[in-house]
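> No sequence on hand, only this structure:
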């Protein structure tokens, strides 16, 4: 086939192909009365995830909810599952998942649902009112409003704040700023308890067959509020710094008393009208904080003091329960609560000095005026810091202790003096033995709850003289 023939054949094929093509139809004329054309959105190519900042609520943080399973958390957690074990013997035992660049910790009990969510990074989450990690105490109080009122029923470490507007959230402060936020759920125990005389719906009022021990005053008879000026005057009377922590307790009939602590010493100042009355002091080594708590529901507060003993290989946390009576203090219970060892901390990647426990105490369901014992429910927060920044925060494993209502509790009379120095009471709180007439030097109240009273030497009067001791009311 020559070149002319091939060219003619190619031209014929091209003309045939062009003839077979169909001309596209004309688009229909737009109907002027049909309005704008409807847009159709295609579904997203993958899953839509919430982005921070998330909202902190009592039921969770952003899309991460308390009570959910870890599988449900993995569905909304960017980056996939990475389960870690946070385990310190008798202190914490959780499966945890870190999210949002390790600034969010989601924790669940072993084989259980999500029980807490901790925010440990700034800007990752905040409440609807704008409170979050990095806020000052003043900013936090302004944003959250009134504190959660649990007076006489629950006490918390002074570094922990809870608010009535969000009772299921705990704010952890250090150095006057929020360093972590924990969502742990709604109030529990007596935080949401009905009045003492209320009964469950549909249930007949309970009648005790046991003879009821007469109360000196009923719960609610004591006003736990005092004007700020009265509180300042009481702190000055106790010889404490102006910013010393204070609380109001109902330790004795006839009105409220002021409790303060500082320098490993507990001070109780009674009231005489609008002025401070008598004062009692109790030294206690390793004192972290002290607060009033009605441990047995009889309407009369005890002092609960949380202590910490630090060593090279162990940090031990305990509680001492002190009952205040006219002219004396009685140590009625002492328990070791939690112990963190250097080896136990190392298993979580922490050095022992980097671990801290925030202890909470609450009146348990076993406490009543009819019973012979009161019960204290113990909890709080485990905190691990790295370089001064919180890495881990998780609730402590709960436990409980009993406080027996008995006669002959370990007791002795406290250093007891009028604030003007005119009178000096007799006796001293339980202390390690010292020579008669000498001031206990750096000694702590022994907190044994045994049946035999501890030695109780007679100390010098606060005025430095050998005043003749005399019985007197606190």
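Everything's here; your move. Because the structure is predicted, anything quoted here is derived from the model rather than measured. Numbering: from 1, shown residues only.
> now for the host helix or strand of residue 319, which elements pack on it?
Element membership for residue 319 (DSSP states H and E) is strand 314-325. Where contact means 3 or more Cβ pairs under 8 Å, 6 or more residues apart in numbering; DSSP states H and E, strand 314-325 is packed against strand 302-310, strand 328-341, strand 355-363, strand 373-386. Using the backbone N, CA and C atoms, a C-beta is placed for each residue, glycine as well.
> so which of those strands is the most packed in?
Mean neighbours per residue, mean count of other Cβ atoms under 10 Å, is largest over the helices and strands packed on strand 314-325 for strand 355-363, with a mean of 23.
> tell me which residues in stretch 281-293 are buried?
Residues 281-284, 286-293 are the ones in stretch 281-293 that count as buried (16 or more other Cβ atoms under 10 Å).
> again with stretch 60-67
60-62, 64-66.
> Show me the contact partners of it.
Around stretch 60-67, the neighbours that count as contacts under Cβ atoms under 8 Å, 6 or more residues apart in numbering are 49-50, 52, 54-55, 59, 68, 72-73, 76-77, 99, 104, 106, 113-117, 119, 125, 183-185.
> if you set the cut-off to 6 Å instead, what comes out?
With Cβ atoms under 6 Å, 6 or more residues apart in numbering as the test, stretch 60-67 has contacts from 50, 54, 59, 76, 106, 113-114, 117, 125, 183, 185.
> From those residues, which land in helices?
Members of the contacts of stretch 60-67 lying in helices (criterion: DSSP state H): residue 76.
> Inside strands: which ones of the contacts of stretch 60-67?
Of these, the ones assigned to strands by DSSP state E are 54, 106, 114, 117, 125, 183.
> one step back: closest to residue 382 among the buried residues of stretch 281-293?
Comparing the buried residues of stretch 281-293 against residue 382 with Cβ to Cβ picks out residue 288 as the nearest, at 15.0 Å.
> Look at that closest one and tell me its secondary structure.
Here residue 288 is recorded as strand under DSSP: H, G, I helix; E, B strand; the rest coil.
> ok, residue 265 touching residue 285?
No. Residue 265 lies out of contact with residue 285 (Cβ atoms under 6 Å); the separation is 10.1 Å.
> hmm, back to that, name only those of the contacts of stretch 60-67 that count as buried.
Of the contacts of stretch 60-67, these count as buried by 16+ other Cβ under 10 Å: 54, 76, 106, 114, 117, 125, 183, 185.
> Greatest separation within these: which pair is it?
Using Cβ to Cβ, the buried ones among the contacts of stretch 60-67 span at most 19.1 Å, a distance reached by 76 and 185.
> Please enumerate the helices of the stretch 51-200 of the chain.
Ranges of helices within the stretch 51-200 of the chain are 70-76, 137-144, based on DSSP state H, counting those that start in this stretch.
> Average pLDDT for the last one, rounded please.
For helix 137-144, mean pLDDT is 97.
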